[in-house]
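In: Pasting the sequence and the predicted coordinates here, then a few questions.
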Amino acid sequence: MELFLWLKAAVLGLVEGATEFIPVSSTGHLILVGNWLAFEGETATTFEIFIQLGAILAVLWLFRAKVFGTLGQARTSPVARRLVLNLAIAFLPAAVLGFLIHDFITEHLFTPRVVAVTMVLGGIAILCVERWHRPTDAQTVEDLSPGTALGIGLAQCLSLIPGVSRSGATIMGALALGTSRVAATEFSFFLAIPVMFAATGYELLGSLDALALDDLPVFAIGFGISFLSAVVVVKAFLGFVSRHSFAPFAWYRIVFGAILLAFYWS
């Protein structure tokens, strides 16, 4: 029985790490896989929050030189200071809105049917942005203007709905506003660090009572596999977007979402 629980933790950790930073919605996949594995309840919810830390630490590890270099130079370098300011601007809209409506979303929207619908709609949105986005005028993350950062932050608000995808909303928002694919992806990664630390920290503080000493092995397995899989996926994803469009992810969302719709409404 314990081995089976560890296997569930490993599967969910792999799902989190593999989907957190690509535009397919990690939350949506965790809801679905948790439902299929019958891994639900208060402890399961805390576990899913906790393993997100593994994924975000993977990004912090991969971009540690850029992140800590930017923070260290923020006082003396206008370029570094502008990047920090842009991240703060992009962070605020979803942080404020999420704080205000978090309980409503958790109570009413964390369902497989909502995920199925938003998977399809998100896929269609990606195809539309790919077809009609503005010409690129920001080649690197340092080229983004405060106005573009605000637009990305507003786009991120859509990701509060399960199945939309935080990375998908921010990357497509940046692409629509004239940011290059690689810069949009990197900015999404950097923005994930404060967003996810704030979100997971806030939710974990309210869920600590659900933890027990016996849960530690399960949480450790999920955390470790989430970290390792995220390292692999982030590296591969950056290489992919430098050469290809996001259309494959859109079609995956549409096909997978259509299958889910047929399943849950049959």
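Out: Structure received. Given the structure is predicted, the values throughout are model-derived calculations rather than measurements.

In: use CA for all of it now, contacts and neighbours both
Out: Noted.

In: which residue ranges form the helices in this structure?
Out: Remark: helices assigned in the chain by DSSP state H are 2-19, 26-36, 42-62, 64-73, 78-108, 112-132, 146-156, 166-176, 181-205, 216-241, 247-264.

In: between these, which one is nearest to Ala138?
Out: Among those, the nearest to Ala138 by C-alpha to C-alpha is helix 181-205 (7.6 Å).

In: Now do the closest one against helix 216-241, angle only.
Out: 160 degrees (axes from the mean of the first three to the mean of the last three C-alpha atoms, to 10 degrees).

In: what's the angle from helix 181-205 to helix 146-156?
Out: Using the same axes, to 10 degrees, helix 181-205 lies at 50 degrees relative to helix 146-156.

In: buried set for helix 181-205?
Out: Taking 16 or more other C-alpha atoms under 10 Å as the basis for neighbour counts, the residues of helix 181-205 that come out buried are 181-193, 195-196, 199-200, 203-204.

In: any idea which of the helices of the chain is most buried?
Out: helix 166-176 (a mean of 28; mean count of other C-alpha atoms under 10 Å).

In: and that one, what other elements does it pack with?
Out: In this structure, helix 166-176 makes packing contacts with helix 112-132, helix 146-156, helix 181-205, judged by 3 or more C-alpha pairs under 8 Å, 6 or more residues apart in numbering; DSSP states H and E.

In: Give me the distance between the shortest one and the centre of its chain.
Out: What it means is helix 146-156. Using C-alpha atoms, centre = their mean, to the nearest Å, the distance from the centre of helix 146-156 to the centre of the chain it belongs to is 16 Å.

In: who touches it?
Out: Helix 146-156 has contacts (C-alpha atoms under 8 Å, 6 or more residues apart in numbering) with 85-87, 89-94, 166, 169-171, 173-174, 177.

In: rerun at 6 Å
Out: Contacts of helix 146-156 with the rest of the structure, by C-alpha atoms under 6 Å, 6 or more residues apart in numbering, involve 86, 89-91, 93, 169-170, 173-174.

In: Can you show me the CA trace of it as CSV?
Out: Included here for helix 146-156 are C-alpha records, laid out as CSV according to Å, rounded to 0.1, in the frame of the first residue of the first chain:
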residue,chain,number,x,y,z
PRO,A,146,7.0,48.7,-18.4
GLY,A,147,3.8,48.8,-20.5
THR,A,148,4.5,45.4,-22.1
ALA,A,149,5.3,44.0,-18.6
LEU,A,150,1.9,45.3,-17.4
GLY,A,151,0.2,43.6,-20.3
ILE,A,152,1.9,40.3,-19.5
GLY,A,153,0.8,40.7,-15.9
LEU,A,154,-2.8,41.2,-17.0
ALA,A,155,-2.6,38.2,-19.3
GLN,A,156,-1.3,36.2,-16.3
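
In: Give me the average confidence score over that helix.
Out: Model confidence over helix 146-156, given as mean pLDDT, is 95.

In: cool, the last one as well?
Out: Per-residue pLDDT over helix 181-205 has a mean of 87.

In: Show me what it is packed up against.
Out: Under the contact criterion of 3 or more C-alpha pairs under 6 Å, 6 or more residues apart in numbering; DSSP states H and E, the helices and strands touching helix 181-205 comprise helix 166-176.

In: from the chain's centre, how far out does the helix it packs on sit?
Out: A distance of 11 Å separates the C-alpha centroid of helix 166-176 from that of its chain, computed with C-alpha atoms, centre = their mean.
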